[in-house]
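J.: Please find the sequence and the predicted model below.
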Amino acid sequence: MNTALLLETTGWLGVVSYVLAYLLLTIGMLRPDGYLFHILNMIGAASLIVYSLEYGDKPNVAVNVIWLLIGVGAVVRRFVRKSSRNF
């Protein structure tokens, strides 16, 4: 697979992940505090960071880095809360 096709596929993976997360949330299949919602958003952000870096799209990189950090923070916070309840 050539690099351009791999980057294009990565970018589309990001778009699909974001849209799928929002769609599933909107129709009630995901909860906004659930792992899957945040994981789909993190996949979307990471994919679009890779794609945007290649094309020098700094604003898109910035918003997706922030989005990724929000997702990581939410998952870590939820994991820590769940772990502390087990003790």
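T.: Nice, I can see it. Numbering: from 1, shown residues only.
J.: Relative to residue 44, how far out is residue 28?
T.: 20 Å (Cβ to Cβ, to the nearest Å). Where C-beta positions appear, they are placed from N, C-alpha and C, glycine not excepted.
J.: The two: who's more crowded?
T.: Taking residue 28 and residue 44 together and counting by other Cβ atoms under 10 Å, residue 44 has the greater number of neighbours (24 against 7).
J.: Hmm, residue 21 and the more buried one touching each other?
T.: Yes - between residue 44 and residue 21 a contact is recorded at 6.8 Å, counting by Cβ atoms under 8 Å.
J.: count of neighbours near residue 70?
T.: So residue 70, with other Cβ under 10 Å, has 14 neighbours.
J.: Show the contacting residues for it.
T.: Going by Cβ atoms under 8 Å, 6 or more residues apart in numbering, residue 70 touches residue 41.
J.: Could you tell me the per-residue confidence at residue 16?
T.: Model confidence at residue 16, given as pLDDT, is 98.
J.: actually residue 80, not the one I typed
T.: Note on residue 80: pLDDT of 90.
J.: Alright, that wraps it up for me.
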